[in-house]
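just to be clear, the model below is a prediction. Sequence and coordinates:
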Amino acid sequence: MSEGAPRTALAIAAAIRRGEVRARDVVDACLARIDRLDPSLGAVVARCDARARAEADLVDARIAAGEETGPLAGVP
């Protein structure tokens, strides 16, 4: 997921469901953005990187299996 134009949570979720982007890639992009910006902002108090990645992998697996996902599945 690039940092081009801002996207809504619904647009990101729809792109994940369509297979345009993987949930794991979205999570990794968000974590990279936190790594880049938070040192100067100090806004993130706690991180659960492994859990976020594991949950994204589950969403990706469900989509690959053709299962239904919730409207915001895969959005961090």
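Nice, I can see it. Numbering: from 1, shown residues only.

before we move on, which element is residue 71 in?
Residue 71 belongs to no helix or strand when assigned by DSSP states H and E.

my read: it touches residue 10, true?
Yes. Checked against CB atoms under 8 Å, the pair residue 71 and residue 10 is within contact range at 7.1 Å. (C-beta placed from N, C-alpha, C; glycine too.)

low pLDDT regions in this protein?
Within the chain, the stretches with pLDDT under 70 are 1-6.

any residues in contact with both of residue 71 and residue 10?
Between them, residue 71 and residue 10 share no contacting residue under CB atoms under 8 Å, 6 or more residues apart in numbering.

buried ones in the top helix by length along the chain?
If you go by DSSP state H, the chain has its longest helix at helix 23-41. Within helix 23-41, the residues scored as buried using 16 or more other CB atoms under 10 Å are 23, 24, 26, 27, 28, 29, 30, 31, 34.

now the first one: how far from residue 62?
Here residue 23 is placed at a distance of 9 Å from residue 62 (CB to CB, to the nearest Å).

what is in contact with those two at once?
Between them, residue 23 and residue 62 share the contacting residues residue 73, judged by CB under 8 Å, 6+ apart.
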